[in-house]
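Trainee: sequence isn't available, so here's the structure alone:
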């Protein structure tokens with residue numbers, strides 16, 4: 001059992017779940033939560049961080065602050081104990097006590113609320129609540145050594161198993177090629193191979209492999225699949241499944257008028273399924289657009305492009321900057337531009353633009 005390095009408590013007003021949330025971190029098994037509004041329902045959940053990464057968030061619990069706490073003694077307050085377990089194949093037991101800050105006239109207490117459905121769904125054993133078996137995205141940038149994330153979330157491919165056939169494109173870091181990958185069972189599969197151009201510096205290599213560290217955490221039929229990486233020889237490579245029809249925007253332009261509305265809606269449904277999976281994982285894409293959707297021979301659409309690091313600019317141009325260049329803001333939610341805040345909600349906005357792209361191509 002790995003030791004717990006940190007606890008993270010996320011909470012928000014129940015009525016404002018889609019707007020914002022607050023979080024606090026502590027290395028101690030208890031924390032004081034302050035600044036809560038009176039007579040307000042709050043939703044809490046907890047997760048841990050160990051050397052193996054972050055756990056899933058615990059089941060959500062709802063609590064209400066009182067409308068008037070003037071009749072409470074200064075040292076009164078309810079105590080809630082939350083324990084979590086079953087995180088990613090190993091067991092962690094956490095006992096987190098939430099003490100309420102009571103000072104002067106700002107004295108609140110929590111009152112637990114659980115519906116009959118919640119009670120049926122959650123089994124209490126000595127106050128312990130098991131974590132749901134849901135994976136959570138871990139940002140590779142949280143690792144002190146980026147190569148640790150590559151080792152943890154990807155698999156190394158022996159270069160002789162890869163056969164490069166032809167160049168099909170070029171990117172910021174180098175060429176993109178089609179080729180074949182021989183699997184351990186001697187079966188060959190079609191793959192796309194991203195190569196890192198020669199003369200790179202270490203930070204370019206790190207940025208290049210960051211996308212692989214992200215993709216390696218996902219497993220969904222509408223998310224581009226990572227086959228593996230080559231890091232122990234040159235050129236450095238990222239190997240992913242091959243999508244025969246390329247990017248969705250180009251594919252639709254090349255086949256103008258060839259698809260029925262039902263087929264187009266089917267494509268959109270696949271994209272939505274992939275994006276819901278990413279949202280459930282806690283990953284915000286930030287750059288959802290038809291150009292970043294790939295299409296295979298069966299017209300299955302898969303979300304791609306996970307490697308960009310985006311920094312908004314305060315200039316007059318209608319674009320924001322990435323390490324890959326300028327990206328038009330047409331796909332970007334207004335609040336993301338105005339407040340520099342990207343969430344799953346801003347991804348929903350971008351999905352709406354993708355719907356427009358697909359249905360009006």
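Mentor: In hand now; what should we look at? For clarity, every value in this text was computed on a predicted model and none was experimentally measured.

Trainee: for the stretch 51-200 of the chain, what spans make up the strands?
Mentor: With strands called from DSSP state E, counting those that start in this stretch, the stretch 51-200 of the chain shows them at 53-54, 61-64, 80-82, 96-100, 102-103, 106-107, 111-113, 162-170, 175-182, 188-195.

Trainee: before we move on, what about the stretch 201-350 of the chain?
Mentor: Under DSSP E, counting those that start in this stretch, the stretch 201-350 of the chain gives strands at 226-230, 237-241, 293-295, 301-303, 310-311, 319-322, 325-328.

Trainee: least reliable of those by average pLDDT, please.
Mentor: In terms of mean pLDDT, the lowest-scoring of these is strand 310-311 (a mean of 40).

Trainee: which regions of the stretch 1-150 of the chain sit below the pLDDT cut-off?
Mentor: Within the stretch 1-150 of the chain, the segments meeting pLDDT under 70 span 1-2, 17-20, 67-134.

Trainee: what about the helices in it?
Mentor: 116-121, 146-153 (DSSP state H, counting those that start in this stretch).

Trainee: got the domain ranges for the chain?
Mentor: 4-64, 136-242, 246-307+325-360 (the TED database).

Trainee: redo those as a markdown table? Include mean neighbour count.
Mentor: For every residue, glycine as well, the C-beta is placed using N, CA and C. Formatted as a markdown table, the domains of the chain follow (neighbours: other C-beta atoms under 10 Å):
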| stretch | mean neighbour count |
| --- | --- |
| domain 4-64 | 16 |
| domain 136-242 | 17 |
| domain 246-307+325-360 | 17 |
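
Trainee: list the contacts for residue 215?
Mentor: 223-226, 240, 306 (C-beta atoms under 8 Å, 6 or more residues apart in numbering).

Trainee: what's the pLDDT at it?
Mentor: So residue 215 comes in at 96 (pLDDT).

Trainee: do the same with the one 5 residues further on
Mentor: At residue 220, the pLDDT value in this model is 96.

Trainee: distance of it relative to residue 288?
Mentor: 15 Å (C-beta to C-beta, to the nearest Å).

Trainee: and the helices in the stretch 151-300 of the chain?
Mentor: Counting by DSSP H, counting those that start in this stretch, the helices of the stretch 151-300 of the chain are 202-215, 248-254, 261-281.

Trainee: relative to residue 155, which of these is closest?
Mentor: For residue 155, the closest of the helices of the stretch 151-300 of the chain is helix 202-215, at 9.9 Å, according to C-beta to C-beta.

Trainee: could I get the contacts of residue 215 as JSON lines with distance to residue 338?
Mentor: Listed next are the contacts of residue 215 as JSON lines, based on distance: C-beta to C-beta, whole Å:
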{"residue": "223", "distance to residue 338": "29"}
{"residue": "224", "distance to residue 338": "31"}
{"residue": "225", "distance to residue 338": "35"}
{"residue": "226", "distance to residue 338": "34"}
{"residue": "240", "distance to residue 338": "34"}
{"residue": "306", "distance to residue 338": "25"}
